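> dropping the sequence and predicted coords here.
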Amino acid sequence: MRAVVQRVSSAKVSVDGKIVGEIGQGMLVLLAAGNGDGPEQVRWMADKLSGLRIFADEAGKMNLGLPDVAGSMLVVSQFTLYGDCRKGKRPSYANSAPPEEASVLYSSFVETLRSMNIPVEEGIFGAMMKVELVNDGPVTLIVDSP
């Protein structure tokens, strides 16, 4: 799995002009499943992101995780994270998991976070979405599962 994680002071995702997910302080996670990903990668990614220490402590150091700041996570599916642009002008998505598999992994990721008591909002898998955010920092990380 691959995630682009942005520390935000707010974020929201809309489909057809209607807000379907919205958070205040927390993380916007753009998430993609790759070929060969399964439950092990889902668990690893959920554990990694839920404990990722990217929020400032009282000394201003990035030392706190999402639960420490009572933050939320907005998860948006984005298969284009596996786009390969090394050849030609059109990205290849050969490394992205097929939609049927990716949908199951995406849902499993969200449910795993919820089982960890992480407040989660989400987009709609496969929909054309508009994402708005206020990147806090800015802090943006790319996280790949092993």
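The structure has been received and is ready for your questions. Here the structure is a predicted model, which means the values were calculated and not measured.

> for the chain, which helix is longest?
Within the chain, and with DSSP state H defining each element, the longest helix by residue count is helix 99-115.

> contact partners of that one?
1, 31-33, 37-39, 41-43, 45-46, 49-50, 73, 75, 77, 79, 96-97, 120, 122, 125-126 (Cβ atoms under 8 Å, 6 or more residues apart in numbering). For every residue, glycine as well, the C-beta is placed using N, CA and C.

> report the central residue of this structure.
Note on the chain: the residue nearest the mean C-alpha position is Val29, at 2.0 Å, using Cα atoms, centre = their mean.

> tell me which residues touch that one, please.
Val29 makes contact with 3-6, 49, 73-76, according to Cβ under 8 Å, 6+ apart.

> just the buried members of these?
For the contacts of Val29, a neighbour count by 16 or more other Cβ atoms under 10 Å gives the buried set as 3-6, 49, 73-76.

> one step back: for the contacts of Val29, which one is nearest Ser145?
Ala3 (8.4 Å; Cβ to Cβ).

> any idea how far the closest one lies from Thr112?
According to Cβ to Cβ, to the nearest Å, Ala3 stands 13 Å off from Thr112.

> coming back round to it: nearest to Gly88 among the buried ones among the contacts of Val29?
Val4 (23.2 Å).

> just the element for the closest one, please.
For Val4, the host element (DSSP states H and E) is strand 2-15.

> list the buried residues of that strand.
Using 16+ other Cβ under 10 Å as the test for burial, strand 2-15 gives 2-8, 10-14.

> tell me the one of those nearest Arg90?
Arg2 (19.7 Å).

> for that closest one, which residues are in contact?
By Cβ under 8 Å, 6+ apart, the neighbours of Arg2 are 31-32, 34, 81-82, 142-145.
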